[in-house]
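Engineer: structure for this input, please:
(one chain, ligands or ions: 1)
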Amino acid sequence: MKGPSRRARGPKPTPRNARIAQRRADERGSPITFGEPGRTPKARKEPLHLPHVVIVGGGFGGLYAAKALRHAPVRITLLDRKNHHLFQPLLYQVATAGLNPAEIAAPIRRVLRDQRNVRVLLAEVTGVDPKERTVTSSAGTFGYDYLIVATGASHSYFGHEEWAAMAPGLKSLEDALEIRRRVLLAFEKAECCAPSQEERAAWLTFVIVGGGPTGVELAGTLAEVAHHTVANDFRVIDPTAARIVLVEGIDRVLPTYSALLSARAERQLQRLGVEVRTNARVTGIDAQGVQIGEERIAAKTVLWAAGVKASPLGQALGAPLDRAGRVKVSPDLSVPGHPEIFVIGDLAVLEQDGSPVPGLAPAAIQEARHTAKNIVRSIQGEERRPFRYLDKGTLATIGRNAAVADLGRLELSGFVAWLAWLLIHVFFLIGFRNRLLVLFDWAFSYLTYERSARLITGDGPKAAPAEPAPRR
Ligand SMILES: Cc1cc2nc3c(=O)[nH]c(=O)nc-3n(C[C@H](O)[C@H](O)[C@H](O)COP(=O)(O)OP(=O)(O)OC[C@H]3O[C@@H](n4cnc5c(N)ncnc54)[C@H](O)[C@@H]3O)c2cc1C
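Structural biologist: Presented below is the predicted three-dimensional model:
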């Protein structure tokens with residue numbers, strides 16, 4: 001009688017296979033390892049002697065690091081708590097109903113499906129033990145030879161966490177959909193259920209806190225929604241009377257740009273109908289509005305676009321952190337004292353020519369590629385190289401035909417900057433289908449002022465008991 005096949009019996013007991021089995025046993029706590037019996041034949045063929053690179057985070061840093069290691073003699077495990085890579089620069093378009101979530105996100109598993117040396121796992125990482133060289137996650141514990149941590153950042157409420165429920169920030173698809181829900185609902189409430197003029201005005205007042213790129217693009221696009229997209233859709237209210245107020249604590253918007261571009265951005269915002277309030281520090285936010293010192297702005301919709309704090313995973317590395325919780329990395333982007341751990345993207349902070357490398361997608365991508373090269377250099381016994389950020393310029397969009405671009409010696413604003421912004425963002429989107437869909441949606445929106453995703457979905461945070469509708 002024929003015995004079980006070679007596959008079913010597992011590997012031959014040769015000295016080499018014994019060494020491999022030993023190595024597998026040495027992989028501290030790894031609950032699933034490449035080559036484990038019972039896994040698919042392809043996975044079983046993964047060479048176990050190759051160094052194991054664990055990447056935490058499938059954002060710009062993590063995803064591009066995995067891709068850059070495509071031909072490297074390593075096996076990679078990429079862990080992310082979300083199943084998708086998110087193109088954050090276009091989140092505001094989802095928040096303002098211009099794009100659908102799937103147009104700016106792609107399943108990480110699909111993006112990497114042809115890369116045979118990487119395994120993608122949906123798992124939240126909760127800890128790192130640099131001494132034991134293990135990562136703990138909701139999918140178990142993983143040993144690593146090299147670790148790349150790229151878990152990014154989220155918004156900070158400067159110690160006022162109670163504001164979070166009233167003023168959502170914009171970081172994830174869930175945030176964007178919640179903002180979209182609140183914005184569209186505000187118009188509906190003003191139309192149907194505002195018993196007084198004041199109440200109606202409060203529903204039609206939108207305050208955006210923070211005059212950085214996210215606040216500016218949210219404010220500009222909301223103005224377009226109110227003054228054009230929904231202008232003729234209601235019978236009781238006049239959406240064009242909506243107030244869009246952008247509040248910034250210092251004396252200008254877009255403070256990372258030159259004073260000239262900040263001034264131009266402010267003018268473009270005003271042209272779109274945004275009230276820009278600079279030197280205005282928010283001191284309180286509640287369900288009825290915003291307090292700026294002595295002044296009160298009655299507003300039912302407040303959006304948060306100020307302050308950044310790093311992912312809490314940085315603390316687990318035992319490395320020096322800055323005030324925002326970012327890991328102060330060595331010039332080669334490794335953690336001081338742990339050359340096998342790299343931190344990249346928004347979670348890392350590195351001074352270059354007197355200022356920190358900016359928290360931008362191109363910086364995360366460059367760091368990812370550099371780290372991949374340094375890992376290969378280490379494996380080959382070569383010396384690592386320090387990272388150097390190449391600033392190719394920054395752009396911020398404001399609204400239709402309105403943007404600013406700082407390209408080093410060249411500063412642009414208006415239509416040309418807006419066109420450059422649009423083309424660059426479409427180019428960097430992951431996936432041909434997404435690029436096509438976004439281009440189509442934008443062209444449609446540009447010609448008609450319509451926005452394709454004007455849907456109110458989800459129940460939002462636990463709502464207060466509904467008040468009885470006014471009698472009419
Ligand atoms: C609204 C907005 C607009 C932006 N606009 C621009 C722009 O126009 N141009 C530009 O260059 N940059 C822009 N940025 C910044 C840019 O998106 C970031 O610099 C970039 O995403 C940083 O990449 P990262 O890999 O460090 O982090 P991210 O891209 O944020 O990725 C982090 C990943 O880690 C995962 N993760 C986090 N914690 C865990 C955990 N504990 N376990 C497992 N997985 C985890 C997350 O799910 C995520 O996938 C914008 C950012 C935002 C929020």
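
Engineer: from here on, contacts and neighbour counts on C-alpha atoms
Structural biologist: OK.

Engineer: quick check: domain ranges of the protein?
Structural biologist: 15-155+309-379, 161-306 (automatic domain parsing).

Engineer: which one of those domains lies closest to the ligand?
Structural biologist: The closest of these to the ligand is domain 15-155+309-379. By CA to the nearest ligand atom, the value is 3.2 Å.

Engineer: let me know whether the closest one sits next to the ligand.
Structural biologist: Yes: contact of domain 15-155+309-379 with the ligand (CA under 6 Å from any ligand atom) involves 56-62, 79-82, 85, 88-89, 91, 123-126, 150-153, 345-347, 359-362, 364.

Engineer: restricted to strands, list the residues you listed.
Structural biologist: Of those, the ones assigned to strands by DSSP state E are 56, 79, 80, 85, 125, 126, 153.

Engineer: can you list the low-confidence ranges for this protein?
Structural biologist: Low-confidence segments of the chain (pLDDT under 70): 1-48, 461-472.

Engineer: go with 90
Structural biologist: Along the chain, the parts satisfying pLDDT under 90 run over 1-49, 307-308, 318, 400, 408-409, 426-450, 452, 458-472.

Engineer: so how far is residue 315 from the nearest residue to residue 344 once chain neighbours are set aside?
Structural biologist: Of all residues not flanking residue 344 in the chain, residue 150 sits nearest, at 5.3 Å (CA to CA, 6 or more residues apart in numbering). Distance of residue 150 to residue 315, computed by CA to CA, to the nearest Å: 13 Å.

Engineer: buried among the residues of domain 15-155+309-379 next to the ligand? Make that a ChimeraX selection.
Structural biologist: Selecting the buried subset of those in ChimeraX, with 16 or more other CA atoms under 10 Å as the burial test, is done by:
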select :56,57,58,59,60,61,62,79,80,81,82,85,88,89,91,123,124,125,150,151,152,153,345,346,347,359,361,362,364
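
Engineer: just to revisit the earlier point, and the domains of the chain as a markdown table, adding distance to residue 397?
Structural biologist: Below are these laid out as a markdown table (distance: least, CA to CA, whole Å):
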| stretch | distance to residue 397 |
| --- | --- |
| domain 15-155+309-379 | 10 |
| domain 161-306 | 6 |
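
Engineer: show me where the stretch 1-150 of the chain has its strands.
Structural biologist: Using DSSP state E, counting those that start in this stretch, the strands of the stretch 1-150 of the chain run over residues 52-56, 75-80, 84-86, 105-107, 118-122, 125-129, 134-137, 140-143, 146-149.

Engineer: out of these, nearest to residue 285?
Structural biologist: Of all the strands of the stretch 1-150 of the chain, strand 84-86 sits nearest to residue 285, with 29.1 Å by CA to CA.

Engineer: what about that closest one, distance to the chain center?
Structural biologist: Relative to the centre of its chain, strand 84-86 is centred 8 Å away, using CA atoms, centre = their mean, to the nearest Å.

Engineer: same check, this time on stretch 447-461
Structural biologist: Worked out by CA atoms, centre = their mean, stretch 447-461 lies 21 Å from the chain centre.

Engineer: try stretch 128-139
Structural biologist: When distances are taken as CA atoms, centre = their mean, stretch 128-139 is centred 24 Å away from the chain's centroid.

Engineer: can you give me the helices in the stretch 51-200 of the chain?
Structural biologist: 60-68, 91-95, 108-111, 173-192, 197-203 (DSSP state H, counting those that start in this stretch).

Engineer: which residues sit against the shortest one?
Structural biologist: Applying CA atoms under 8 Å, 6 or more residues apart in numbering, the set of residues contacting helix 108-111 from outside is 58, 63, 83, 84, 85, 120.

Engineer: ok, now which ones touch the third one?
Structural biologist: Yep, that's residue 83 we're talking about. Per CA under 8 Å, 6+ apart, neighbours of residue 83: 107, 108, 109, 122.

Engineer: of these, which is the most crowded?
Structural biologist: Top of the contacts of residue 83 by neighbour number is residue 108, holding 22 neighbours under the definition other CA atoms under 10 Å.

Engineer: now that residue: closest residue in space that isn't a chain neighbour?
Structural biologist: Per CA to CA, 6+ apart, closest to residue 108 is residue 84, 5.0 Å.

Engineer: can you give me the neighbour number for the one you found?
Structural biologist: Around residue 84 there are 19 residues (other CA under 10 Å).

Engineer: now the helices of the stretch 51-200 of the chain in JSON lines, with distance to residue 338?
Structural biologist: Formatted as JSON lines, the helices of the stretch 51-200 of the chain follow (distance: least, CA to CA, whole Å):
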{"stretch": "helix 60-68", "distance to residue 338": "19"}
{"stretch": "helix 91-95", "distance to residue 338": "35"}
{"stretch": "helix 108-111", "distance to residue 338": "28"}
{"stretch": "helix 173-192", "distance to residue 338": "34"}
{"stretch": "helix 197-203", "distance to residue 338": "53"}
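
Engineer: what's the most buried one of these?
Structural biologist: Burial of the helices of the stretch 51-200 of the chain is given as mean neighbour count (mean count of other CA atoms under 10 Å); helix 91-95 ranks first at a mean of 26.

Engineer: mind checking how far the residue nearest to residue 108 is from residue 459?
Structural biologist: Taking CA to CA, one finds residue 84 at 23 Å from residue 459.

Engineer: still on that earlier bit, right, and the domains of the chain - which one's nearest residue 448?
Structural biologist: domain 161-306 (8.4 Å).

Engineer: circling back to that earlier point, among the ones in strands among the residues of domain 15-155+309-379 next to the ligand, which two are most distant?
Structural biologist: 85 and 126 (19.5 Å).

Engineer: who's in contact with the nearest residue to residue 199 once chain neighbours are set aside?
Structural biologist: Residue nearest to residue 199 in three dimensions, not counting chain neighbours: residue 190, with 7.7 Å by CA to CA, 6+ apart. Contacts of residue 190 were listed using CA under 8 Å, 6+ apart, and they are 199, 200, 201, 203, 204, 237.

Engineer: those residues: which ones sit near the ligand?
Structural biologist: Of the contacts of residue 190, not one also sits near the ligand (CA under 6 Å from any ligand atom).

Engineer: can you put these in a markdown table and add distance to residue 301?
Structural biologist: Shown next, in a markdown table, are the contacts of residue 190 (distance: CA to CA, whole Å):
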| residue | distance to residue 301 |
| --- | --- |
| 199 | 12 |
| 200 | 12 |
| 201 | 11 |
| 203 | 7 |
| 204 | 8 |
| 237 | 17 |
